[in-house]
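Peer 1: Need a 3D model of the sequence below.
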Amino acid sequence: ACRRIAEMFRQAGASTPIRSLSLRDNHIGDDGAAELASIFKLDATPLEYLSLRDNNIGDLGVDRLGEALIEGRNLRMKELAVYDNPFGLELAQELAARVEHA
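Peer 2: Numbers count the residues shown, from 1 in each chain. Sure thing, here's the model as predicted:
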């Protein structure tokens, strides 16, 4: 499912920007989070809101999302909902700081 979503972002590009996406309760896990993180690195990803609540995302997935927030050149993330996922407090704090600076 996340590969399809990533492809949708790639195809939409700047002509049809996607600003909000909710994937709540889809159990995408670390692999899905990493796939989504790959789209944040694209030039044409003006995403502002993303909900990944209750998706079984652990430390690895959160780390990939955090890296993408730093590397995303056109990312305007204002809100990233990742609660109800099994990752550590330290990574949660790092991710929050990266969203703040995205």
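Peer 1: list the contacts for residue 56?
Peer 2: When contacts are counted by CB atoms under 8 Å, 6 or more residues apart in numbering, residue 56 touches 27-29, 85-86. Just so you know, the C-beta spots here come from the backbone N, C-alpha and C atoms, and that holds for glycine as well.
Peer 1: and those as a markdown table, adding secondary structure?
Peer 2: What follows is the contacts of residue 56, written out as a markdown table (DSSP: H, G, I helix; E, B strand; the rest coil):
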| residue | secondary structure |
| --- | --- |
| 27 | coil |
| 28 | coil |
| 29 | helix |
| 85 | coil |
| 86 | coil |
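Peer 1: Most widely separated two among these?
Peer 2: For these, the farthest-apart pair by CB to CB is 28 and 86; their separation is 13.0 Å.
Peer 1: Now restrict the contacts of residue 56 to buried residues only.
Peer 2: The neighbour-count test (16 or more other CB atoms under 10 Å) marks 28-29, 85 as buried among those.
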